[in-house]
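J.: Here is the input, now give the coordinates:
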Amino acid sequence: VQPPGSNRPMRYTLDDKTELRTHFKSSGPFDSQLEADFAAEFEEKYGGAKRKWELAREDELIIVGDTVMIPDFSFTHRKDGRRALLEIVGFWHPNYLRRKLDKVRQAQRSDLILLVYESACVAEGQFDFAAASPGEVLTFTRKPVLKDVLAAVEHCAVTPGML
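T.: Numbering: from 1, shown residues only. I've put the predicted structure just below:
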């Protein structure tokens, strides 16, 4: 970098040991109550010592064009390492949905499950999630059915590096 007023460039190094703090307020561990409820119910029903799948929050980046998509959750199989990603589509605004569908279309990930809250749909038929995604698309009206989500995870999960 070359600071203003300086005649010579300087080197700036940033790593995980640099003590930077953001000026943004923390939004908490979840973006919505829907995500928090999903994670809590998963842990309650499928957590503990006998768990088959580990649930993690926003731990994978998918590069789509000149931006990224960060799915809400990942599922990693404890024994064989297979993974599936989950994006909860619970906020309905036409521009948001267009951007979301564009990212899903560009990602072309068969291991990405879309979990769509259908009750808040603003324009019936305008947004075709199934056509945009090679992965599974599940819908729910009141709350996600975990049994259905886990069936989709079993069906879509892939060994890392196999996409």
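J.: Only C-alpha atoms from now on, for both contacts and neighbour counts.
T.: Fine.
J.: just the helices in the chain please.
T.: Using DSSP state H, the helices of the chain run over 33-46, 94-107, 129-132, 146-156.
J.: Show the contacting residues for the residue positioned nearest the centre of the chain.
T.: The centre of the chain sits closest to Pro71, judged by C-alpha atoms, centre = their mean, with a distance of 1.1 Å. Going by C-alpha atoms under 8 Å, 6 or more residues apart in numbering, Pro71 touches 58-61, 85-87.
J.: repeat for Ala84
T.: By C-alpha under 8 Å, 6+ apart, Ala84 lies in contact with 74-76, 111-113, 153, 156-158.
J.: so where's the protein shaky on pLDDT?
T.: Filtered on pLDDT under 70, the chain yields the residue ranges 24, 26-27, 91, 119-127, 130, 163.
J.: could you pull out the strands for it?
T.: For the chain, strands defined by DSSP state E occupy the ranges 53-57, 62-64, 67-69, 73-77, 83-89, 112-117, 137-140.
J.: Just put those in JSON lines and tack on distance to Asp37.
T.: As requested, the strands of the chain are exported to JSON lines (distance: least, C-alpha to C-alpha, whole Å):
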{"stretch": "strand 53-57", "distance to Asp37": "13"}
{"stretch": "strand 62-64", "distance to Asp37": "24"}
{"stretch": "strand 67-69", "distance to Asp37": "22"}
{"stretch": "strand 73-77", "distance to Asp37": "13"}
{"stretch": "strand 83-89", "distance to Asp37": "12"}
{"stretch": "strand 112-117", "distance to Asp37": "14"}
{"stretch": "strand 137-140", "distance to Asp37": "14"}
